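S.K.: Kindly generate the corresponding structure for this input.
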Amino acid sequence: MNKSIASELIEMARYDLQVREALLKEGKLSTGYHADMERVHLKNAARLDEIINAIGYPTLSKVGKEASEAAWLIVQHAISKPTLMKRCYALLSEASDDVNPQNLAYLHDRICYFEGRPQKFGTQFDDRGLYLVEDKAETIRLRKALQLSTHDEILIVEAKNLETDLHPHNKDFNLWRKKVGWI
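M.R.: Just a heads-up that it's a prediction; the model follows:
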């Protein structure tokens, strides 16, 4: 196990959450992607990419549980880096026996959300509530298989189908998605 990389990943994730908490307390996260938060995410994403190039994806056996979870958090928050998120999804899929399978589900849905496709596991929400799922019954089955929280099942069952354009409501969000390469 690579302890120095593990420590670094854990510290990167802690700092991300500290900045997020400070911005939340100041009421600065409700108006879009805050520049301070994006800077943290971009810096962490760049370093994670270097780590992956050096050791591969930081799996449980390579860096331990806490650091592997930290790497996943960094990937989840690397929303300005779709190529990295997709690369990590592929690497997580290949290493599925050595990563938390719930993390793979969350990352899959996160990518779907930013691409404007329905999600599979029902993990993503937006200002309208639960983001559209591909198949409600299959989503509930998959959530049970992965031991994801069952409290969202009622939201999945009651979710209304959205328009074909899954993000019609937010021009700025769509411009940002285009700028960073999601669409």
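S.K.: From the centroid of the protein, which residue is nearest?
M.R.: Nearest residue to the geometric centre of the chain (C-alpha atoms, centre = their mean): Gln76, 2.7 Å.
S.K.: Return the lowest-mean-pLDDT helix or strand in the chain as PDB; C-alpha atoms alone will do.
M.R.: Lowest by mean pLDDT, DSSP states H and E among the helices and strands of the chain is helix 153-158, with a mean of 77. Provided in PDB are the C-alpha atoms of helix 153-158 (Å, rounded to 0.1, in the frame of the first residue of the first chain):
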ATOM      1  CA  GLU A 153     -37.400   4.500  -3.400                       C
ATOM      2  CA  ILE A 154     -40.600   6.400  -2.900                       C
ATOM      3  CA  LEU A 155     -39.000   9.300  -4.900                       C
ATOM      4  CA  ILE A 156     -38.100   6.900  -7.600                       C
ATOM      5  CA  VAL A 157     -41.600   5.400  -7.900                       C
ATOM      6  CA  GLU A 158     -43.200   8.900  -7.800                       C
END
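S.K.: Check which residues of the next helix or strand after it are buried.
M.R.: Note on helix 153-158: by DSSP states H and E, the next helix or strand toward the C-terminus is helix 171-180. Going by neighbour count (16 or more other C-beta atoms under 10 Å), the buried part of helix 171-180 is Phe173, Asn174, Trp176, Arg177, Val180. Every C-beta, even on glycine, is put in place using the N, C-alpha and C of the backbone.
S.K.: I'd guessed the third one sits against Tyr33; true?
M.R.: I take that to be Trp176. Yes. At 6.8 Å, Trp176 counts as touching Tyr33 under the criterion of C-beta atoms under 8 Å.
S.K.: rewinding a little: who are the contact partners of the residue nearest to the centre of the chain?
M.R.: Residues near Gln76 by C-beta atoms under 8 Å, 6 or more residues apart in numbering: Tyr106, Leu107, Arg110.
S.K.: Just the pLDDT for it.
M.R.: The per-residue pLDDT reported for Gln76 equals 98.
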